[in-house]
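**Student:** Task: produce atomic coordinates for the following.
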Amino acid sequence: MPLVIIPTYNERENIVSLIKAIFSLSTNFHLLIVDDASPDGTAQIVKKLISTYPDRLHLICREEKWGLGTAYVEGFKFALKNGYDYILQMDADFSHDPKDLVRLYNTCKAENYDLVIGSRYISGVNVVNWPIGRVLLSYFASFFVRFITGLPIMDTTAGFKCYTKEVLETIDLDKIQFIGYGFQVEMLFLAWKYGFKLKEIPIVFTDRVRGVSKMSKSIISEAVFGIIKMKISSFFKKYHRR
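**Tutor:** Okay, here's the model as predicted:
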């Protein structure tokens, strides 16, 4: 059974449409919203929808804005505890097309991959409505990560993924270091170091139309210096599957 995890913070403008779009897909996805105490009432909106989608829509309400990485870790633990075999992650702002969830899931399951990445850069630069400065920042961030880590992935900072439960059972989720967007790199790096099969499939990434981006200078700083530290630390660690 596949579970889609979506962290939210102030996404009331998107969340209803996104939930409906996911549940209209041909695949029987379950959905977990992890909300970081959104002051705009995102969690309250989701609560009202749970009775409409019983057993398929789940909600974790957190007391503070603790960060993207910790939200996903909490979601991953929920998925493992409740027996989900495939765990997908995506943004709440429609930058990831819900229809591509089916492609990610089918590629992971039918082609026997452990981690499938929805990639903006595997077939050129597939980004819509971003200013050129942000496109260049994102593209060269991925180049920087590849250069430092050796990852054989074009879109190393992608946030649109499908994991098998085996990947999440192998990675020690309690030792994940990043709380911001560097979390995406750390999870990808660990999956690769543990020898799991990775695959990128092309997607079109569309910048949000409604709501506000959560990107900040502190998040970028964490990623840059944290990735260098992560790579150095990997020289002193052995990666054995459980």
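**Student:** which residue ranges form the helices in this protein?
**Tutor:** Assigned by DSSP state H, the chain shows helices spanning 15-23, 42-50, 68-81, 100-110, 132-149, 165-170, 182-193, 217-234.
**Student:** right, and those - which one's nearest I201?
**Tutor:** helix 100-110 (5.7 Å; CB to CB). Every C-beta, even on glycine, is put in place using the N, C-alpha and C of the backbone.
**Student:** Going by contacts, tell me the helices and strands next to that closest one.
**Tutor:** Contact partners of helix 100-110 among helices and strands, from 3 or more CB pairs under 8 Å, 6 or more residues apart in numbering; DSSP states H and E: strand 86-89, strand 115-119, strand 161-164, strand 198-202.
**Student:** Could you list the buried residues of it?
**Tutor:** Neighbour counts using 16 or more other CB atoms under 10 Å place D100, L101, R103, L104, Y105, T107, C108, K109 of helix 100-110 among the buried residues.
**Student:** which residues of this protein score low on pLDDT?
**Tutor:** 208-223, 242 (pLDDT under 70).
**Student:** now the helices and strands packed on helix 100-110 in JSON lines, with distance to F29?
**Tutor:** Below are the helices and strands packed on helix 100-110 laid out as JSON lines (distance: least, CB to CB, whole Å):
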{"stretch": "strand 86-89", "distance to F29": "8"}
{"stretch": "strand 115-119", "distance to F29": "15"}
{"stretch": "strand 161-164", "distance to F29": "11"}
{"stretch": "strand 198-202", "distance to F29": "17"}
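**Student:** Distance to Y72 and mean neighbour count added to the ones you listed, as a markdown table?
**Tutor:** What follows is the helices and strands packed on helix 100-110, written out as a markdown table (distance: least, CB to CB, whole Å; neighbours: other CB atoms under 10 Å):
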| stretch | distance to Y72 | mean neighbour count |
| --- | --- | --- |
| strand 86-89 | 6 | 24 |
| strand 115-119 | 14 | 25 |
| strand 161-164 | 10 | 26 |
| strand 198-202 | 18 | 19 |
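**Student:** Ok, which of the ones you listed comes nearest L32?
**Tutor:** strand 86-89 (9.1 Å).
**Student:** Could I have the CA atoms of the closest one written out in CSV?
**Tutor:** Backbone C-alpha positions of strand 86-89 (Å, rounded to 0.1, in the frame of the first residue of the first chain) are rendered in CSV as follows:
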residue,chain,number,x,y,z
TYR,A,86,5.9,2.4,-0.5
ILE,A,87,6.3,5.9,0.8
LEU,A,88,6.2,8.9,-1.4
GLN,A,89,7.0,12.5,-0.5
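**Student:** chain center to that strand: distance?
**Tutor:** For strand 86-89, the separation from the chain centroid amounts to 8 Å (computed by CA atoms, centre = their mean, to the nearest Å).
**Student:** How about stretch 227-242?
**Tutor:** Relative to the mean C-alpha coordinate of its chain, stretch 227-242 is positioned 21 Å out (CA atoms, centre = their mean).
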